[in-house]
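Asks: for reference, the sequence and a predicted model appear below.
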Amino acid sequence: MPQTVASLNVADLKVGYGKKQVCGEISFKAAGEALALVGPNGAGKSTALRTVVGQLSPLAGKVLLNKAVIDDRSADFRRLAALVFDDDAFFPELTVGEHLTMVAAGHGVSDPVAAVDAELDFFQLTEHDHALVTSLSSGQRRRLLLASAFVRPRRLLVLDEPEQRLDTQMRRSLAQRIAQCAAAGETVLLVTHDPEFLTTAARKALYIADKVEKLSAGQAAERIQAMPA
Ligand SMILES: Nc1ncnc2c1ncn2[C@@H]1O[C@H](COP(=O)(O)OP(=O)(O)OP(=O)(O)O)[C@@H](O)[C@H]1O
């Protein structure tokens, strides 16, 4: 894994479906830092995230990763980027530990056993190491999905509502871990609805709505708290 910083340059990006744009135009740069996307339900955060990582085509504008147009199918991108969306896809015949070992080995981790043990511990899955994924609770499956992103090297980490289905303690630990990743030079993009998670994990935010605004994490957390329940 090259120790380069993943440099994202998003310019005049319009996102949506068919010809329908779902939110205001998005422009930002992020390199070796965590940026949170916040906003009300249905505002377009996940659509924006999926467009930035090349899973959806932009209606207009461009996304450059290290100065090249992003291509989510290229080997370079898959080596660089770990993505966690809300679509868990596991092999029903593999255990928790086997899933993580497969991801770690597939990404060339030099000591996959140690890496897997560390993530089992962090995500409190050690006692489920030998369990089939089909026997996990939804929160445990979520933790396995997150562990799969952390067990491998990456320079770009993209997380859509990582706090979902996690208990308070795990939310805090994960937010702190994300902040550490950014401090170590990883580029992190995350969508969150949780103000505490946001201010722990990131310093900068984009408020996604009809107009997209650049905010500090603190300002964005206040916006979230001010939203009608
Ligand atoms: N596959 C799709 N086809 C057409 N419209 C879609 C599709 N997925 C989402 N939308 C619409 O696009 C808009 C933005 O959805 P998106 O999921 O990006 O919002 P979000 O900000 O992530 O919301 P939430 O906070 O509820 O997760 C919504 O109006 C939604 O109904």
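Replies: That came in fine, so what should we check first? Residues are numbered from 1 along each chain as shown.

Asks: look up how far T199 lies from the most centrally placed residue in the chain.
Replies: In the chain, the residue lying closest to the centroid (CA atoms, centre = their mean) is L159, at 1.6 Å. For L159, the distance to T199 (CB to CB, to the nearest Å) stands at 16 Å. In this view, the C-beta of every residue, glycine as well, is placed from N, C-alpha and C.

Asks: then S7?
Replies: 24 Å.

Asks: which residue of the two possesses the greater neighbour count?
Replies: A count of neighbours by other CB atoms under 10 Å puts T199 above the other of S7 and T199, at 21 against 16.

Asks: residues in contact with that one?
Replies: Applying CB atoms under 8 Å, 6 or more residues apart in numbering, we find T199 in contact with A217, G218, A221.

Asks: for the nearest residue to the last one once chain neighbours are set aside, grab the count of nearby residues.
Replies: Meaning A221. Excluding its sequence neighbours, the residue lying closest to A221 (CB to CB, 6 or more residues apart in numbering) is P195, at 3.7 Å. Using other CB under 10 Å, P195 is surrounded by 19 other residues.

Asks: for P195, give me its contacts.
Replies: A220, A221, E222, I224, Q225.

Asks: M227 too?
Replies: M227 is in contact with P40, counting by CB under 8 Å, 6+ apart.

Asks: can you pull out the helices in this protein?
Replies: 45-52, 75-80, 96-106, 112-122, 138-150, 168-183, 195-201, 217-226 (DSSP state H).

Asks: can you put these in a markdown table and add mean pLDDT?
Replies: Formatted as a markdown table, these follow (pLDDT from 0 to 100):
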| stretch | mean pLDDT |
| --- | --- |
| helix 45-52 | 97 |
| helix 75-80 | 93 |
| helix 96-106 | 97 |
| helix 112-122 | 98 |
| helix 138-150 | 96 |
| helix 168-183 | 97 |
| helix 195-201 | 98 |
| helix 217-226 | 95 |
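
Asks: output those helices as TSV; include the columns distance to the ligand.
Replies: Converted to TSV, the helices of the chain look like this (distance: least, CB to the nearest ligand atom, whole Å):
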stretch	distance to the ligand
helix 45-52	3
helix 75-80	21
helix 96-106	26
helix 112-122	26
helix 138-150	15
helix 168-183	17
helix 195-201	13
helix 217-226	11
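
Asks: out of these, which comes closest to A89?
Replies: helix 138-150 (9.1 Å; CB to CB).

Asks: centre of the chain to that closest one, how far?
Replies: Distance of helix 138-150 from the chain centroid (CA atoms, centre = their mean, to the nearest Å) equals 12 Å.

Asks: great, nothing more from me.
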